[in-house]
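Peer 1: fold the following for me, if possible:
(one chain, ligands or ions: 1)
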Amino acid sequence: MTPGPLGIEDGVPKIAPQTGVLEDDRTFHSPQDGELAADPLLSSSLKLTLLRSDSPLERPGNYPLLTFLWATLFRCDNGGAKLPPHSISDMDRIIRGIMKYRQTGRKTMVQQFEQVRDNPEPKAVFFTCMDSRMIPTRFTETNVGDMFIVRNAGNVIPHSQHFVNEMTTTEPAALELGCIVNDIKHIIVCGHSDCKAMNLLHALRDEEFSSVENRRRSPLRAWLCTHAHSSLTKYQQLETSGFGTPMLFQAETPMRKFVAYIDPENRFSVTDKLSQVNCLQQLQNIASYGFLKRRLETHSLHIHALWFDIYTGDIFYFSRQQKQFVEINEETSKTLLKEIKRYYS
Ligand SMILES: [Zn+2]
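Peer 2: Here you go, the predicted model:
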């Protein structure tokens, strides 16, 4: 693709990965050529907002949505304007990173690839959110060959009821590749605090916000409404009954249920509570697939839930014994390992 007048590749607008959905539905629409474009009625006020920001030349580069707005709005009538320096350097940062990798990590990595090819020992299928702050190999200190990682908006695994007539999504295919083809014994679902997808799911309680019309315009809303609705329903039940009340979730089999207290110390926000509910709800969704049934029934496949607190860097394991997410630290790790060894190995 050739760069456009402002350095953006033609037809590939930058949309904030952190927010996913544009704040105001009225502002953007999808024109014929597939490129998101500004509504002329609203572009003037947005331009003013951008120009009034404290440091307009710097701020857009820090916020991809602003970068996109900047480029789209000013391209209309100011073809000579330049993109803020930060956004130009986005790809530069990636290319320079690759060059550094070539000089430092590549050789070792290729050796590890060869070892994995000859002795594959993957330990888990790991589902987590696509949020840029979630880097599971770093916070689990795992390496080449250790985990099959699947990331999406909100660490959601669609229920098997949506796998109809060959129509499927990535997640069940990944479960089959990991647990059946590669015989992996553990599935981990890892949610996190300040999850933009969960914030949006929480907002989807509003009927207008989640209307059919809005879902047709926003793949993210459609994804969450279709596949995370069960989490939202469960969360709303908890909200009605009071956050201190126990919840019941299904795990590996319909007979294997477990009780959960969500954030009993009331440390986290409502959307973080929803994120924890969503994380546990995925266990049931995973277990809904027939091709996993025998392995789950015979205890040769296990499902775990983790939760990452973005603010502190702490990681929690859902302990079915303790009926809550327990921080994994120097004091708790032994007890948690004991539980895992006893029930899930
Ligand atoms: Zn997230």
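
Peer 1: what residues does stretch 269-277 touch?
Peer 2: Contact with stretch 269-277 is made by 191-195, 198-199, 201-202, 231-232, 234-235, 238-239, 243, 247, 262-263, 268, 307, 325, as judged by CB atoms under 8 Å, 6 or more residues apart in numbering. Bear in mind the C-beta positions are built from the backbone N, C-alpha and C, glycine included.

Peer 1: check these against the ion, which are close?
Peer 2: Restricting the contacts of stretch 269-277 to those touching the ion (CB under 5 Å from the ion) yields Cys195.

Peer 1: from the contacts of stretch 269-277, which ones fall inside helices?
Peer 2: Judged by DSSP state H, those include 198-199, 201-202, 231-232, 234-235, 238-239 as members of helices.

Peer 1: just the buried subset of these, written out for PyMOL, thanks.
Peer 2: Here is the PyMOL command that picks out the buried ones among these, judged by 16 or more other CB atoms under 10 Å:
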select buried, resi 198+199+201+202+231+232+234+235+238
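
Peer 1: which among the ones in helices among the contacts of stretch 269-277 gets closest to the ion?
Peer 2: Relative to the ion, the closest of those is Met198; by CB to the ion it sits at 6.4 Å.

Peer 1: interface residues of the stretch 1-150 of the chain facing the ion?
Peer 2: Counting by CB under 5 Å from the ion, the residues of the stretch 1-150 of the chain that sit close to the ion are 129, 131.

Peer 1: low-confidence stretches in this structure?
Peer 2: Residues of the chain that meet the criterion pLDDT under 70 lie in 1-88.

Peer 1: please enumerate the strands of the stretch 201-345 of the chain.
Peer 2: 247-250, 257-260, 302-308, 315-319, 324-327 (DSSP state E, counting those that start in this stretch).

Peer 1: what angle do the fourth one and strand 302-308 make?
Peer 2: For the pair strand 315-319 and strand 302-308, the angle between their directions (axes from the mean of the first three to the mean of the last three CA atoms, to 10 degrees) equals 140 degrees.

Peer 1: which residues does the residue nearest to Met130 when sequence neighbours are not counted contact?
Peer 2: Of all residues not flanking Met130 in the chain, Arg151 sits nearest, at 4.4 Å (CB to CB, 6 or more residues apart in numbering). With contacts defined as CB under 8 Å, 6+ apart, Arg151 is in contact with 127-130, 134.

Peer 1: for Arg151, which three-state class applies?
Peer 2: Assigned with DSSP: H, G, I helix; E, B strand; the rest coil, Arg151 falls in the strand class.

Peer 1: which residues does it bridge with?
Peer 2: Thr128 (DSSP bridges).

Peer 1: how near is it to the ion?
Peer 2: Shown here: Arg151 relative to the ion, a distance of 9 Å by CB to the ion, to the nearest Å.

Peer 1: and Leu301, by the same measure?
Peer 2: 25 Å.

Peer 1: what's the answer for Asp118, then?
Peer 2: 36 Å.

Peer 1: try Asp263
Peer 2: In terms of CB to the ion, Asp263 sits 17 Å off from the ion.

Peer 1: for Pro246, see how far away the nearest residue to that residue once chain neighbours are set aside is.
Peer 2: Nearest non-adjacent residue to Asp263, counting by CB to CB, 6+ apart: Lys273, 5.2 Å away. Computed as CB to CB, to the nearest Å, the Lys273 to Pro246 distance reads 14 Å.

Peer 1: ok so Val189 is a helix residue?
Peer 2: No - using three-state DSSP, the assignment for Val189 is strand, not a helix.

Peer 1: can I assume it is in contact with Asn285?
Peer 2: No - counting by CB atoms under 8 Å, Val189 stays clear of Asn285, with 9.0 Å between them.

Peer 1: what do these two both touch?
Peer 2: What both Val189 and Asn285 touch, as defined by CB under 8 Å, 6+ apart, is the set Ile157.

Peer 1: what is the neighbour count of Asn155?
Peer 2: Using other CB atoms under 10 Å, Asn155 has 31 other residues around it.

Peer 1: begin at 316, not 1, for the rest of this chat.
Peer 2: All set: I'll call the first residue 316, so the last point we hit is now Asn470.
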